[in-house]
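Asks: Build me a structure from this.
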Amino acid sequence: MLALAQTPSLRMDYGVRAYVAREPIDFAQVLAQHAGYCRTLANCGAAVRILEINSHFADGVFIEDTAVVLDEVAILASMGTASRRGEPAGIEQVLREYREVLRVDPAVMLEGGDVLQVGKTLLAGLSSRTNAAGVAALAAIAGRFGYSVQSVTVRGCLHLKTACTALPGGRLLVNPAWVELSALRGYELVFVPAEEPWAANVALLGSAVLLAAAHKRTAELIAKLGIATRPVDISEFAKAEGGVTCLSLIFAE
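Replies: Got it, this is the predicted structure:
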């Protein structure tokens, strides 16, 4: 398993905010937390490769949004906000070391944070960063490789993966206030506690779940399902609307 991560930008304070109030970011803490996050990935068995390609972009550390990486292909994103449009081109050559890379039409909006893979199904969020044309473009490419795409309306948060991510065994961890539940019929849903609305963003690493250390009640909930948890402090990234999945692109080498 490979995890691509991007060094944080000194300009993180200037990144886009959509659903959180702007707060000052402690860059020394950012660096310490990013290092801790990468160590946790490595401790969970991932080979971590840290890039410095997009460090001039304020939100460049949130590398997940730049592509959708499947076993067969990497699909380069078309970012939904102008300040991030140059990020996918920055990592394209790196992705070409591991996959064929295909692009969607730059006129559409598609971000990796809106695409959740569950087996051969891709759940695709309709959000402020991904539109219907972006979902259709994703389906056109992924369909060539046997994937089906199911759109899911997202409200009140930035990306689908803010509101819904996968747990082992095909279950989904969900904040029901932020996602269209009717689109998730057929899945076993685990709801995060109402007092931890941002806790639905977790990352799968083998049989373990990586989650923000701040979400203690959600960690207890997941542990009761018999799933190992790996808490990691990402409080400074949360100020920039980031979660654990946002900080890496994880895929089989």
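Asks: Show me where the stretch 1-150 of the chain has its helices.
Replies: Remark: helices assigned in the stretch 1-150 of the chain by DSSP state H, counting those that start in this stretch are 27-43, 87-95, 132-142.
Asks: Kindly export the shortest one (C-alpha atoms) in PDB.
Replies: What it means is helix 87-95. Provided in PDB are the C-alpha atoms of helix 87-95 (Å, rounded to 0.1, in the frame of the first residue of the first chain):
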ATOM      1  CA  GLU A  87      -3.000  21.300  -8.200                       C
ATOM      2  CA  PRO A  88      -3.900  18.200 -10.300                       C
ATOM      3  CA  ALA A  89      -1.300  19.100 -12.900                       C
ATOM      4  CA  GLY A  90       1.300  19.200 -10.200                       C
ATOM      5  CA  ILE A  91       0.900  15.600  -9.200                       C
ATOM      6  CA  GLU A  92       0.100  14.100 -12.600                       C
ATOM      7  CA  GLN A  93       3.700  13.000 -13.300                       C
ATOM      8  CA  VAL A  94       3.900  11.300  -9.900                       C
ATOM      9  CA  LEU A  95       0.700   9.400 -10.600                       C
END
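Asks: Would you mind listing the buried residues in it?
Replies: Residues of helix 87-95 classed as buried: E87, P88, G90, I91, V94, L95 (neighbour count, 16 or more other CB atoms under 10 Å). For glycine as for every other residue, the C-beta is placed from the backbone atoms N, C-alpha and C.
Asks: now the last one
Replies: By neighbour count on 16+ other CB under 10 Å, the buried set for helix 132-142 is G134, V135, A136, A137, L138, A139, I141, A142.
Asks: any chance of those residues in a markdown table, plus distance to V115 and pLDDT?
Replies: Formatted as a markdown table, the buried residues of helix 132-142 follow (distance: CB to CB, whole Å; pLDDT from 0 to 100):
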| residue | distance to V115 | pLDDT |
| --- | --- | --- |
| G134 | 10 | 98 |
| V135 | 9 | 98 |
| A136 | 13 | 98 |
| A137 | 11 | 98 |
| L138 | 7 | 98 |
| A139 | 11 | 98 |
| I141 | 11 | 98 |
| A142 | 9 | 98 |
